[in-house]
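Novice: Here is my input, please return the structure:
(one chain, ligands or ions: 2)
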Amino acid sequence: MKARVSMLLVDDDSAFRHVMAGELQRLGFEVTTAASGEEALTRLGEVDPDVVLLDMQLPGISGLDVLKAARESHPSAEVIMLTGHGSIDTAIESIRIGAFDYVVKPCPLDELQVRIQRAIERQALRRRTHLLERGLTPPDLGSSFVGDSPEFTRLLQLIGKVAASDSTVLIAGETGSGKEMVAKLVHARSLRRAKPFIVVEAATLQESLLQSELFGHERGAFTGADRAKPGLFEVAHGGTIFLDEIGEVSQTTQVKLLRVLDTSTFRRVGGTAEIRVDVRVLAATNRDLPTMVRQGLFREDLYYRLSTFAIDVPPLRSRSGDVALIAEHFVGLLNDRYGVRRRLDPSTVVRLQQHGWPGNVRELLHVVEAAMVVADGPVILPEHLPASLQPPAAPVTPPYAAAARAGMGGPLGTLDALERAHIEAVLAATGGHRGQAAKTLGISERNLYRKLRDYGLAH
Ligand SMILES: Nc1ncnc2c1ncn2[C@@H]1O[C@H](COP(=O)(O)OP(=O)(O)OP(=O)(O)O)[C@@H](O)[C@H]1O
Ligand SMILES: [Mg+2]
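Specialist: Ligands and ions are numbered 1, 2, ... in the order given. Here you go, the predicted structure:
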């Protein structure tokens, strides 16, 4: 979780930059500075700021051009333009392009602070709208969660059981493995299905914002809070709240969460009234929470409270049986979306099954999407797959020839020795998976077993 609101201050006047950065830091912001448009573009990529204070008149790339670039690459950052008296027209133009606001220099600090707070509020609001859209669960959700491996079948059974129970669920799994889909399914198959499903992205919000997002705030709770706002726990009343990346939540927020879980009540930030809600909590993490508990980074009581039920979403590499089905499913979706008719060649499917999928199902989706674009005909071939799925570029023949020579003691070796070396290499590449190795070799599994026995490779 981001500890503080991050800010990028762009101005070529070094004295102004220095003084202003000091003041903003004193107000609790995390400040990065840039002295030119060029530097601003570099820093944008590095710090991913919440708010950009951008001088209009910069040497080289102009303030307006930096604004355009920032809207493109960092649409969630709010930009406040700093302008001189003479350039109000350009300031208005900047609002048209997408700046949140402009201030005329020199501007009193407290006025600037109010505008910054408003920018932060608007950013939170946009994020919330986005999350509410993400929470809309399509009615046919089940049919878009596919797999047929024994692990996946077990997962589906568990989801069914847990959904009916109304208890808190902790969903653990590697990035991209399908945790959010599992959470949506749990909600969609529960009695709460007609009520809201609210996603809270703990990792992307800074501490104070996360609390005001979750619990809401009263009017005047902090600078810029000119209206009271209900928290997401209130919005989710009757339904389910999904706390994504729960491992990123600070200790203070952990205490507050524990209280809602135990008593179903909470107070808005700056408020005194107890608000009672009926909300089911689902949480997800790709961190190792038990270890975090041992290291004192995550409260043990909250961990136990959250994990009444635990669902582990297995990584894709440990259920390679699902790869073909999910890949076909994605091809179908993308065919519909682009109005084309592409299909996977069987050799492409084999290549997909051999990959380790560190980014899990999301990586598979991206790979299929990229291959669909690269393939120019109806059939997606292995060579259309991205570089990460291509066999290593090193020439294959020399090590084989060496192995064959070593096996036979002769200068070149026999075909049998070469075959044996090749089978060993393929087995190594598939992690000893004989079914996959047979597919890659283009022979039946029985045939492979026979050869393994003949070469003394069967164990
Ligand atoms: N079994 C599946 N069948 C079809 N699509 C899936 C399946 N599992 C995941 N997906 C898709 O893969 C993508 C990643 O899934 P999801 O967002 O649920 O993962 P996650 O574990 O929450 O990832 P992260 O840790 O990055 O937040 C989504 O587009 C999702 O729709
Ligand atoms: Mg997720």
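
Novice: going forward, measure contacts and count neighbours with C-alpha atoms only.
Specialist: Fine.

Novice: Name the residues of stretch 65-76 that come out as buried.
Specialist: V66, L67, K68, A70, R71, H74, S76 (16 or more other CA atoms under 10 Å).

Novice: what's around the residue nearest to the fifth one when sequence neighbours are not counted, how many residues?
Specialist: By that I understand R71. For R71, ignoring the flanking residues on the chain, the nearest one in space by CA to CA, 6 or more residues apart in numbering is G98 at 6.9 Å. As a burial measure, G98 scores 16 neighbours (other CA atoms under 10 Å).

Novice: export the one helix or strand E369 maps to as PDB, just CAs?
Specialist: Per DSSP states H and E, E369 falls inside helix 360-374. Only the C-alpha atoms of helix 360-374 are listed here, as PDB (Å, rounded to 0.1, in the frame of the first residue of the first chain):
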ATOM      1  CA  ASN A 360      -0.900 -17.900 -14.700                       C
ATOM      2  CA  VAL A 361      -4.200 -17.500 -16.500                       C
ATOM      3  CA  ARG A 362      -3.800 -13.800 -17.100                       C
ATOM      4  CA  GLU A 363      -0.500 -14.500 -18.900                       C
ATOM      5  CA  LEU A 364      -2.200 -17.200 -21.000                       C
ATOM      6  CA  LEU A 365      -4.900 -14.600 -22.000                       C
ATOM      7  CA  HIS A 366      -2.200 -12.100 -23.100                       C
ATOM      8  CA  VAL A 367      -0.300 -14.800 -25.000                       C
ATOM      9  CA  VAL A 368      -3.400 -15.900 -26.900                       C
ATOM     10  CA  GLU A 369      -4.400 -12.300 -27.600                       C
ATOM     11  CA  ALA A 370      -1.000 -11.500 -29.000                       C
ATOM     12  CA  ALA A 371      -0.900 -14.700 -31.100                       C
ATOM     13  CA  MET A 372      -4.300 -13.900 -32.600                       C
ATOM     14  CA  VAL A 373      -2.900 -10.600 -33.800                       C
ATOM     15  CA  VAL A 374       0.300 -12.000 -35.200                       C
END
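
Novice: And for the very next helix or strand once past that helix, what's in contact with it?
Specialist: Note on helix 360-374: by DSSP H and E, the next helix or strand toward the C-terminus is strand 379-380. Outside of strand 379-380, the residues within contact range by CA atoms under 8 Å, 6 or more residues apart in numbering are R342, R343, L344, D345, T348, A371, M372.

Novice: By neighbour count, which of these wins?
Specialist: The residue in the contacts of strand 379-380 with the most neighbours, by other CA under 10 Å, is M372 (26 neighbours).

Novice: What backbone torsions are found at the nearest residue to E201 once chain neighbours are set aside?
Specialist: Once flanking residues are discounted, E201 sits nearest to D244: 5.1 Å by CA to CA, 6+ apart. Dihedral angles of D244 (phi, psi; degrees, to the nearest 10) stand at phi -80, psi 150.

Novice: residue contacts, D244?
Specialist: So D244 contacts E180, V199, V200, E201, A202, A203, A283, A284, T285 (CA under 8 Å, 6+ apart).

Novice: What parts of the stretch 101-250 of the chain come near ligand 1?
Specialist: S144, F145, V146, G147, E174, T175, G176, S177, G178, K179, E180, M181 (CA under 6 Å from any ligand atom).

Novice: Drop anything exposed from those residues.
Specialist: Among those, those classed as buried by 16+ other CA under 10 Å are V146, G147, E174, T175, G176, S177, G178, K179, E180, M181.

Novice: got those as a markdown table, with secondary structure and distance to L381 columns?
Specialist: Below are those laid out as a markdown table (DSSP: H, G, I helix; E, B strand; the rest coil; distance: CA to CA, whole Å):
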| residue | secondary structure | distance to L381 |
| --- | --- | --- |
| V146 | coil | 23 |
| G147 | coil | 22 |
| E174 | coil | 28 |
| T175 | coil | 27 |
| G176 | coil | 24 |
| S177 | coil | 25 |
| G178 | coil | 26 |
| K179 | helix | 30 |
| E180 | helix | 31 |
| M181 | helix | 29 |
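
Novice: circling back to that earlier point, need the max-distance pair from the buried residues of stretch 65-76.
Specialist: Spanning the widest gap among the buried residues of stretch 65-76 are V66 and S76, at 14.8 Å by CA to CA.

Novice: in stretch 437-448, what's buried?
Specialist: For stretch 437-448, by 16+ other CA under 10 Å, it's A437, A438, K439, T440, E445, L448.

Novice: so of these, which ones are in helices?
Specialist: Those of the buried residues of stretch 437-448 mapping onto helices are A437, A438, K439, T440, E445, L448, per DSSP state H.

Novice: Helices of the stretch 201-350 of the chain, start to end?
Specialist: Assigned by DSSP state H, counting those that start in this stretch, the helices in the stretch 201-350 of the chain fall at 207-215, 232-235, 251-263, 289-294, 300-306, 323-338, 346-354.

Novice: ok, of the ones you listed, where does mean pLDDT dip lowest?
Specialist: In terms of average pLDDT, helix 207-215 trails the rest of these, at a mean of 87.

Novice: ok, now which ones touch H217?
Specialist: Contacts of H217 by CA under 8 Å, 6+ apart are A225, A228, K229, P230, G231, R268, V269, G270, G271.

Novice: beta partners of it?
Specialist: Beta bridges link H217 to K229, V269, judged by DSSP bridges.
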